[in-house]
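[1] Just the structure for this:
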Amino acid sequence: MVKVGFVVEGISDKKLIESAIFKDWAKQECGLEILDEVVDAGGNRNMCSHKIEIYIDLVVIARKAMESWFLADTEAMRKWLGDENFQLANPEETDEMPWDYIKKLGKNSPKQRGPGSKIAFARKFIRDYGFDVCRAAKHPNCPSSKYFIMKLYELGK
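    Numbering: from 1, shown residues only. Modelled structure (predicted):
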């Protein structure tokens, strides 16, 4: 079993990596043990490739923001929005940052509600609405989640 540590760029990322669902998937499907301490480097593009020293084996960075992966999981988004017709063609190419787009979607949804804080939304979206990074990776226009999953599989080999 390969042990893996994560340094992430925000609370949504941290909540995903720390979730039991993700840890169980990584262990069963990839043969990876996720270390308990997930380091949050903070937002504001602190994890841009030009800011990272090349002394680690693998770096995977979401193209725009990890919240675009939330948008790519159509099933979970439909549950949260209460809209069975929700479909987003290009979750990594929203006109605004994905978190801002999620807030707008929530306010304009049949349930007409905002997502609350980013930390509360990430926790609930993973736990209550069943966000699955593998479903996000199957979205035809979310290559960063597909890359993330592929690299985890490779790391576990």
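
[2] only C-alpha atoms for contact and neighbour calcs from this point on.
    OK.

[3] Secondary structure element for residue 135, which one?
    In this structure, residue 135 is located in helix 133-138 according to DSSP states H and E.

[4] Can you list the neighbours in contact with that helix?
    When contacts are taken as CA atoms under 8 Å, 6 or more residues apart in numbering, the neighbours of helix 133-138 outside the stretch itself are 69-74, 142-147, 149.

[5] Quick check: buried residues in the helix or strand following that helix?
    Counting by DSSP H and E, the next helix or strand C-terminal to helix 133-138 is helix 143-156. Of the residues in helix 143-156, those with enough neighbours to count as buried (16 or more other CA atoms under 10 Å) are 143-146, 148-149, 152, 155-156.

[6] Quick one: distance of helix 143-156 to the chain centre.
    On the basis of CA atoms, centre = their mean, to the nearest Å, helix 143-156 is displaced by 12 Å from the centre of the chain it belongs to.

[7] Residue 131 reaches residue 69, doesn't it?
    No. Counting by CA atoms under 8 Å, no contact exists between residue 131 and residue 69, whose distance comes to 9.0 Å.

[8] Specify the beta-bridge partners of residue 8.
    Beta-bridge pairing for residue 8 (DSSP bridges): residue 40.
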